[in-house]
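Undergrad: sequence first, then the predicted structure, then my questions.
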Amino acid sequence: MKRSIAIPLANGQLCSHFGHCQQFAIINIDNHEITNEALITPPPHEPGLLPAWLANKGVTDVIAGGMGQRAIQLFNAQNIKVNVGVQPKSPKELVLDWMNNRLTVGANSCDH
């Protein structure tokens, strides 16, 4: 199973506000193994831009703290699965939790 997971970052940890992150960690997985890790800088924040931008990068899943409902809908329209309400950790820790079905999701901390 090949997956590409995007994680919004601020200071190397999961960013609590998806649309205002400094970077994205893009981590590729194949057969339950991490095959590639990259840090990419997003374009300037513009509502609705990031879902299509990440889809063009091959992203299949997103791990986020908080995200607006409209962004979730736009990701779903791109067939990208969204996990929200996740507490900050390093990208690799989050992906390992995700791969091992230990990723804890909670309330979406973004209400707009």
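TA: Perfect, thanks for sending it. Numbering: from 1, shown residues only.
Undergrad: residues near the residue nearest to residue 87 when sequence neighbours are not counted, how many?
TA: Spatially, and ignoring its direct neighbours in sequence, residue 87 is nearest to residue 104 (6.9 Å; Cβ to Cβ, 6 or more residues apart in numbering). For every residue, glycine as well, the C-beta is placed using N, CA and C. Using other Cβ atoms under 10 Å, residue 104 has 10 neighbouring residues.
Undergrad: what's the helix or strand for residue 104?
TA: Assigned by DSSP states H and E, residue 104 falls within no helix or strand.
Undergrad: so it makes contact with residue 86?
TA: Yes: counting by Cβ atoms under 8 Å, residue 86 is a contact partner of residue 104 at 6.9 Å.
Undergrad: and the strands in this structure?
TA: Using DSSP state E, the strands of the chain run over 2-10, 13-14, 23-30, 33-40, 61-63, 81-83.
Undergrad: direction included, what does the third one pair against?
TA: For strand 23-30, the pairing partners within the sheet under DSSP bridges are strand 2-10 (antiparallel), strand 33-40 (antiparallel).
Undergrad: how about low-confidence regions in this protein?
TA: Counting by pLDDT under 70, the ranges of the chain that qualify are 108-112.
Undergrad: what's the closest non-adjacent residue to the residue of it positioned farthest from its centre?
TA: Centroid-distance maximum for the chain: residue 31 at 19.5 Å, with Cα atoms, centre = their mean. Closest residue in space to residue 31, ignoring its immediate chain neighbours: residue 1 at 6.8 Å, by Cβ to Cβ, 6+ apart.
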